[in-house]
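**Q** I need the structure of the sequence given here:
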Amino acid sequence: MDIESHLPILQVIIPLLFSPLVVLLQPRGLAWVATTAVCILSFAIAINMAILVLGGQTLEYELGGWQPPFGIALRIDAISSLLLLIVTGAATAAVLGCRESLNQQIESHRQPLFFAAWLLLLAGLVGMVVTADAFNIFVFMEISSLAGYILIAGGPDRRALLAVFKYLIMGTIGATFYLIGVGLVYMMTGTLNLDDMARLLPGVADQTTIPFAAAFITVGLALKAAMFPLHVWLPNAYTHAPHAVTVFMAACGTKVAVYVLLRFDFVVFQSADLYHGLQFSLFLMPFALLGIVVASAVAMFEGQIKRMLAFSSVAQVGYILLGASLLTQDGLTASFAHMFNHALAKSTLFLSIACLGMRFMDLRIDQLSGAAKSMPFTAAAFLIGGLSLIGVPGTAGFISKWLLIEALMEQGEQGLLMVGIVLLSSLMAVVYIWRTVEVLYFRTPVQQDTTQQGSEVVLSEAPALMVGVTLLMAALNIVFGVMPDVPLSLAEAAAEILSGARQ
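**A** A predicted model of the protein is given here:
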C-alpha cells in the first residue's frame, strides 16, 4: 500500500514504540541521538501531511479496518496538520537545541528514562491531535500529562516537585471534568466518534444533560489550556522545569488543549443548536480579555526571566481564545495563525534562555547584566523573539496580531474596546521585553562562575549547536513574518472548517 495512507498512524506509533526502546540505550549520548532522530522523523511526517493537506486532501486512517463509529479513526485536516507542525517542530527544536543544557541538568544515567518520557509526551500530544475519538483524546491526554509531570520534575531544581504536585492536582481535575463530559455525551448518543456525536446530538438537544456535558468539557479543557484564571499550575511548571522541557511545552502544550476545546465546541456542540455559540462566547471572551491584561501586568513585575515569559504565555493563550470567542471565520483565522506564530516566538525566547542558562546559574533578570557583550548571538535571538512576541512589523507575531485586530474591528464599538485592550497588552509586552533587553545590552557585566582561564572568570557564548538552533528559530520568526503564506493558508483552511461546522 501507499506509504502516504499510513502517515497518520506512523505519526503516533513511531514515538510511542521508540519510547521504551531508548531506555535500553545506556551509553552516554545514544538516547539523545535516538530521541532526536525520532523527533526529526515525526517532524518530517508532519511536513509531508501538511503538503498533502495544502493540496486539498484530508487524510483518514481506520485502525484495524473497522469503520467509524464502531472503529477508531484518525483524521488529518488543516486544523490538525497545523498543530502537528507546531508539536513536532517544537519537540525537534527543543531536543536538538538543548543537548548541552540537558547534559548539564540531567545526570547521564537518568537520561534514557528522561528521553523515554520525552517521546511519550510527543506521542500523547500528537495522539490528541490526530484521533477522531473522544475517549482516545482522554487516553492520549493522560499519556502526555504523566510524561509531562516526569519531565518537569526531572531537573536539578527541587522546587519543581511542588510545581509538579500543583500541576498534577489541576491536571487531574481538568481531565476528570473532560471525562465526565464525554461520559454524559456518550450516555445520550451511544458513540465516541466526534463526527458521529455531532450527527446524533440534535436528536437529544432537548435533554438537560447536553448543556452540562458541554460545560464539563469546556471547563476541563480550559484548565488544561491554562486559560485565565485556571492557569495557576503553569508559571511554576515552566519556571522550574529543565530548560529543554520549557521550550517544548511552552510552544505547544496549551495549544493542543485549545485545539481539542475548539474541536468540541465548534464541531460537536454547535450541531445541537443549543445557543452554545453564544454561551461559549460569553464564557470565553471576558476571561480571555482578563488573561491578556492581568497576565501581561504580572509579567511586567516578574524578576525571574522564565517566570516572566510563563505569565506572558497565559496572556498569549488569551489572544488565541479571544479570536475564537468572536465566532467568526476571521477571528478563528487569527487564533490559528497566532498558535503557530506564538510557538515560534516562545520557542526562540526559551531557547535563548537555555543558552543563557549554560553560563548564568541565576536567571533573575538583574543577574544577566551585560550578557550581550559576551553572548551576542543569544541576545540577538532573544531580541528577535521578543519583537515577534510584541508584534513588531516584519515578524511573525505581527501577522497574527494584525489579523486579530482586523477581526475585532468588525465587531463595532465593542470590538474597538477590545482592540484597545490588545494594544495595551502589546505595550505591556514592550515593557517586560525591554526590561530584559536593557539589562542584556546596556548594563555593566556581572562576574559569573563560568569557564576558567587561569584565575580569570570569562563568559563565552553557549555551545555552537545550541546557538545555531536558537538563531534558526529566530530567523524563522522573520521568514514567516515576511512570507506567511504556508501557516496562513493552513490557518484560513482551519477556520473555514470550524466556521462551516458552526453554520
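
**Q** Give me the three-state assignment for Gly56.
**A** coil (DSSP: H, G, I helix; E, B strand; the rest coil).

**Q** tell me which residues of the helix or strand harbouring Phe287 are tucked away?
**A** Using DSSP states H and E, Phe287 sits within helix 276-301. If you call a residue buried by 16 or more other CB atoms under 10 Å, then helix 276-301 has these buried ones: 276-277, 279-281, 283-285, 287-289, 291-300. For glycine as for every other residue, the C-beta is placed from the backbone atoms N, C-alpha and C.

**Q** Now the element after the helix or strand encompassing Phe135, going C-ward?
**A** Using DSSP H and E, Phe135 sits in helix 134-152. Sequence order places helix 159-189 as the next helix or strand after helix 134-152, per DSSP H and E.

**Q** State the next helix or strand along the chain beyond that following helix.
**A** Per DSSP H and E, helix 159-189 leads on to helix 194-200 as the next helix or strand towards the C-terminus.

**Q** I'd like the mean pLDDT over that following helix, please.
**A** For helix 194-200, mean pLDDT rounds to 84.

**Q** Alpha carbons of the helix holding Phe135, as CSV, please.
**A** Extracted in CSV, the C-alpha atoms of helix 134-152 (Å, rounded to 0.1, in the frame of the first residue of the first chain):
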residue,chain,number,x,y,z
ALA,A,134,-13.4,11.5,22.2
PHE,A,135,-12.2,8.8,24.6
ASN,A,136,-8.9,8.3,22.9
ILE,A,137,-8.3,12.0,23.3
PHE,A,138,-8.6,11.4,27.0
VAL,A,139,-6.1,8.4,26.8
PHE,A,140,-3.5,10.5,24.9
MET,A,141,-4.2,13.4,27.3
GLU,A,142,-3.2,11.3,30.2
ILE,A,143,-0.2,9.9,28.5
SER,A,144,1.1,13.4,27.7
SER,A,145,0.2,14.6,31.2
LEU,A,146,2.0,11.8,33.0
ALA,A,147,5.1,12.2,30.8
GLY,A,148,5.0,16.0,31.4
TYR,A,149,5.0,15.5,35.2
ILE,A,150,8.1,13.3,34.9
LEU,A,151,9.9,15.8,32.6
ILE,A,152,9.2,18.9,34.7
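
**Q** Please list the residues outside it that contact it.
**A** Residues from elsewhere that reach helix 134-152 (CB atoms under 8 Å, 6 or more residues apart in numbering): 72, 114, 117-118, 120-121, 123-125, 127-128, 131, 160, 163-164, 167-168, 171, 175, 178-179, 182, 185-186, 192-194, 197, 224, 237, 240-242, 245, 248-249, 253, 256, 260.

**Q** Could you rerun that using 7 Å?
**A** The contact list for helix 134-152 (CB atoms under 7 Å, 6 or more residues apart in numbering) reads 72, 114, 117-118, 120-121, 123-125, 127-128, 131, 160, 163-164, 167-168, 171, 175, 178-179, 182, 192, 194, 197, 237, 241, 245, 249, 260.

**Q** what about the strands in the stretch 1-150 of the chain?
**A** In the stretch 1-150 of the chain, the segments counted as strands under DSSP state E, counting those that start in this stretch are 59-62, 73-76.

**Q** Check these for me and report the most buried one.
**A** Neighbour counts (mean count of other CB atoms under 10 Å) averaged over each of these peak at strand 73-76, with a mean of 22.

**Q** Next one: Pro286 from Ile292, what distance?
**A** Distance of Pro286 to Ile292, given as CB to CB, to the nearest Å: 11 Å.

**Q** quick one on the thing from earlier: could you say what helices and strands the helix holding Phe287 packs with?
**A** Applying 3 or more CB pairs under 7 Å, 6 or more residues apart in numbering; DSSP states H and E, we find helix 276-301 packed against helix 305-325, helix 413-442.
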